[in-house]
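Asker: Predicted model follows, preceded by the sequence.
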Amino acid sequence: MRKSRFSDDQIIGILKKHRTGGRRTPRKHGISDGTFHPCADQAAEGA
């Protein structure tokens, strides 16, 4: 499995910022929309 560029705490922080209305949050951290949105959807479902 590939090592993540972000720690678990960083990922949680990015998802929280996005959830509170940070539309540009993924791009600020160098994450493509195609990668970010499936992750955000999973987090919203509680997976």
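Answerer: Nice, thanks for sending it over. Numbers count the residues shown, from 1 in each chain.

Asker: State the helix or strand in which the spatially most central residue of the chain lies.
Answerer: By Cα atoms, centre = their mean, the chain has its centre lying nearest to Leu15, at 4.5 Å. Leu15 is part of helix 8-19, with elements assigned from DSSP states H and E.

Asker: give me the low-pLDDT residue ranges for the chain?
Answerer: Scanning the chain for pLDDT under 70 picks out 1, 37-42, 44-47.

Asker: so where do the helices sit in it?
Answerer: All helices of the chain, identified by DSSP state H, fall at 8-19, 25-28, 33-45.

Asker: Setting the sequence-adjacent residues aside, check what's closest to the residue nearest to the centre of the chain.
Answerer: Ala43 (5.0 Å; Cβ to Cβ, 6 or more residues apart in numbering). Yep, even glycine has a C-beta here, placed from its N, CA and C like the rest.

Asker: and the one you found, how many residues sit next to it?
Answerer: 16 (other Cβ atoms under 10 Å).

Asker: how much space between it and Lys3?
Answerer: 20 Å (Cβ to Cβ, to the nearest Å).

Asker: cool, His29 as well?
Answerer: According to Cβ to Cβ, His29 stands 17 Å off from Lys3.

Asker: More neighbours: the two, which one.
Answerer: Between His29 and Lys3, His29 has the larger neighbour count (other Cβ under 10 Å), namely 16 against 4.
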